[in-house]
Structure formats: C-alpha cells, structure tokens
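Visitor: Okay, sequence plus prediction incoming.
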Amino acid sequence: MKRVLVIYYSQTGQLRDIVRSTVGPLEADPAVEVVTLEIKPAQPYPFPWPVGTFFNTFPETVYEEVDPIEPVTMPANADFDLVILAYQVWFLSPSKPTTAFLRTPEAARLLAGKPVITLIGCRNMWLSAQERMKAMLEGLGARLIDNVVLTDSAHSAFTFISTPAWMLTGRKGPFLGGTVPEAGVSQEDIAGCARFGRAIAAQLPTRSGGDASPMLSDLGAVTVFEGLMDSEKVARKSFLIWGRLLRACGKPGAPLRSLVLGVYVLFLFTLIITVVPLLAVIKSLIKPLAKARIANQRAYYAQPSGEGRALLAGEAA
Ligand SMILES: Cc1cc2nc3c(=O)[nH]c(=O)nc-3n(C[C@H](O)[C@H](O)[C@H](O)COP(=O)(O)O)c2cc1C
C-alpha cells in the first residue's frame, strides 16, 4: 500500500476542484491510500475581496509575512511515499496560507526527504512563485519531482480584467457583454487533470523511495509563456521595492500606507498598460538574437516535468 499526502488551500474552490480531479484516480486505486490536509487560515480571507484589502495584502505576501493558520492535525508518526502540494499564486508568490503551512514544524516533519509534486492553479503568472516554492522545499529537505500548472485559458489581456474582476466582485463573468470571457481555469482543463492521477497510480507501486525522476513528463504538465518570463522579473522587482516602502508606511489601514498604496496602484496600472506591451514588442524584435537564451530559460522554468506532450494523444483526458 502506497500512501499519498495531498495538501491544499483554496479560497473560491477552484484549486479544490483541480485537486479532486487529479487525485480521483488515486482514490479509486485500492493500492493507494490518499490522505488530504486542507490548510485553513485562522481568520478566513474575505471573498469577494474589498479592493483595499486585496491590494494591501501584496506587501506582506511578497515579503512572506504570513497570517496564522489553524493547527495542522496529523499523527506524529504519519509517513507518506509521495506528497502532492497544491497552491495558488498571490502577487507572484505562493499564497499566504501556503507559505504559512510551509513554515510549520509539521510541514518540516511531513515533507523532509519526501518526493513532492507541486500543483498550481492560477491566472498565468507562476514562474516567480515556483522559484520561491523550490527554495522553500529545498529548505525543508523535500525533493521536487514534478510541477503541474493549470492557468486561465483566455488571453492574458482578458484575464488581466477578468481575474481581478472575479476576485473583487465574486463573479466569474463573462464581462463587458461577453467580450471578456469567464475567469478561471476551464472545466475541461480541470477534468483533464485526472491524467496526472492515472500516471501517478500507474507508477507509484513500483517506484523506489529515493527515485527523484519526474512521473509526469510528456503529459503537458506545464506551458511556459515566453512573453511573461521577463515581465515577471520586472513585476517581482517592483513588488519588492514598493512592498518595502509600503511596509515602512505602517500596517494595512494606516493613513500614510493607504495614500502610498493608491499611488502604487496607479503606477502598477500605468506600468501594465505601457511597459508590459512595450517589453513584449521589444522582445519579439530581439527574439532572433536572444533565441538561445530564451530557449534555455524556458527549459529551466519547465523543469522538472517539462513541456512535452507526447503521451497526451493516448490519454483520454
Ligand atoms: C490576492 C491574490 C493575488 C493573486 N495574484 C496572482 C498572481 O500574481 N498571478 C496569478 O497567476 N494569479 C494570481 N491570483 C489568482 C490566484 O492564483 C487563483 O487563481 C485564484 O485566487 C483562485 O484560487 P482559489 O483556488 O484559491 O480560489 C491572485 C489571487 C488573489 C486572491
């Protein structure tokens, strides 16, 4: 009997659906025992988010100053052959509840020395968050063997509107009379996650404990959006600079912080509608010159599962 620990937090239920679809084939397998650990913030985050609370969350999220979560209850001798850690991205970082969990002594005990598959459900900007996740897992002595990423299927220009609209109104859309498609990961993509569960169920019984090779290669586990690689770096730097400034202005709700936050939100929107498209144009112009660098970067971010899709044709998702 192989034991799989599944850890997740989900605010709207989207990541819970992704987890359920992925884990379904494992739960149906009599040779596998699945134990699920849901991370619960001690004080739930509001949904829909009041606009001020939403933006005020970014400095502490980026600087990983977490809020308390409910105690993690797991027997002291609990031991697993595989851990699936599902998380969402908040401001280019792992969400606060996820980071809070990774800081607990239970996380250290459950993850140390274990193979871990990360499962991300987010809008489309996950590269920087996964870099932080890799560092945190390494710090816990865990081995990252796969990364599966589910993103919104609509074009970035639309999800730039639909994701915040969803978070701030609680409605997924469509918006603007149908011009902007519904926010979130598509039902088809969520259902398709079952292929990962099937692949894990097929390999787990014969896999040795020390095996660090991926289990989910060639199943379309990730797609790296080239156009976002540099934008994420710029955006993360800006989050770190403004985040430091905002934290120096006081706690969320302090008058000076609210004022500077207003300026920042204006700055951010100006940046997104000017610098981001400009960077994309410049990048497409210099693409032939930077081809090798871009390909290297893309392959790096796609690890450990890679972008291969060779096994997808034979998969009834
Ligand atoms: C505060 C906040 C910040 C977010 N920042 C990002 C982000 O930087 N990149 C991204 O792709 N998605 C971002 N999202 C979208 C989430 O990753 C996720 O898709 C959405 O919150 C639904 O997840 P759920 O399962 O917790 O409901 C953000 C959401 C919230 C609430």
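Guide: Right, received. Where do you want to start? Numbering: from 1, shown residues only.

Visitor: what about stretch 188-203 and the ligand, any contact?
Guide: No - residues of stretch 188-203 are not located near the ligand by Cβ under 6 Å from any ligand atom, the shortest gap being 10.8 Å. For glycine as for every other residue, the C-beta is placed from the backbone atoms N, C-alpha and C.

Visitor: Would you mind pulling the contact partners of that stretch?
Guide: With Cβ atoms under 8 Å, 6 or more residues apart in numbering as the test, stretch 188-203 has contacts from 4, 14, 17-18, 21-26, 29, 31-32, 82, 117, 119, 148, 150, 153, 215-216, 219, 221, 311-312, 315, 317.

Visitor: which stretches of this protein have low pLDDT?
Guide: Along the chain, the parts satisfying pLDDT under 70 run over 314-317.

Visitor: If we use 80, what do you get?
Guide: Along the chain, the parts satisfying pLDDT under 80 run over 271-272, 275-277, 279-280, 283, 313-317.

Visitor: residue contacts, Ala221?
Guide: Counting by Cβ under 8 Å, 6+ apart, Ala221 touches Asp146, Asn147, Val148, Val149, Phe196, Ser305, Gly306, Glu307.

Visitor: can you rerun that using 7 Å?
Guide: Neighbouring residues of Ala221 by Cβ atoms under 7 Å, 6 or more residues apart in numbering: Asp146, Asn147, Val148, Ser305.

Visitor: Over to Ile117?
Guide: Ile117 sits next to Leu82, Ile84, Ile145, Asp146, Val148 when contact means Cβ under 7 Å, 6+ apart.

Visitor: Please settle this for me: is it part of a strand?
Guide: Yes - under DSSP: H, G, I helix; E, B strand; the rest coil, Ile117 sits within a strand.

Visitor: so what's it bridging to?
Guide: Assessed by DSSP bridges, Ile117 has beta-bridge partners Ile84, Asp146.

Visitor: do you know how far it is from Thr61?
Guide: Distance of Ile117 to Thr61, given as Cβ to Cβ, to the nearest Å: 23 Å.

Visitor: swap in Leu311?
Guide: Counting by Cβ to Cβ, the gap from Leu311 to Thr61 is 36 Å.

Visitor: ok, now Arg123?
Guide: Counting by Cβ to Cβ, the separation of Arg123 from Thr61 is 15 Å.

Visitor: same thing with Ile18?
Guide: Taken as Cβ to Cβ, the span from Ile18 to Thr61 is 21 Å.

Visitor: Return stretch 65-79 as CSV; C-alpha atoms alone will do.
Guide: The C-alpha trace of stretch 65-79 is given here as CSV (Å, rounded to 0.1, in the frame of the first residue of the first chain):
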residue,chain,number,x,y,z
GLU,A,65,5.0,37.8,6.5
VAL,A,66,2.2,35.2,7.0
ASP,A,67,-1.0,35.1,9.0
PRO,A,68,-1.8,32.3,11.4
ILE,A,69,-3.4,29.1,10.1
GLU,A,70,-5.4,26.5,12.1
PRO,A,71,-3.2,23.9,13.8
VAL,A,72,-2.2,21.1,11.4
THR,A,73,-3.5,17.8,12.8
MET,A,74,-1.6,14.8,11.6
PRO,A,75,-0.4,11.9,13.7
ALA,A,76,3.2,12.3,14.8
ASN,A,77,4.2,9.0,13.0
ALA,A,78,2.4,9.9,9.7
ASP,A,79,4.6,8.9,6.9
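
Visitor: Identify each buried residue in that stretch, please.
Guide: Val66, Ile69, Val72 (16 or more other Cβ atoms under 10 Å).

Visitor: Report the spatially nearest residue to the first one, omitting neighbours in sequence.
Guide: The spatial neighbour of Val66 that comes closest, neighbours along the chain excluded (Cβ to Cβ, 6 or more residues apart in numbering), is Ala100 at 3.8 Å.
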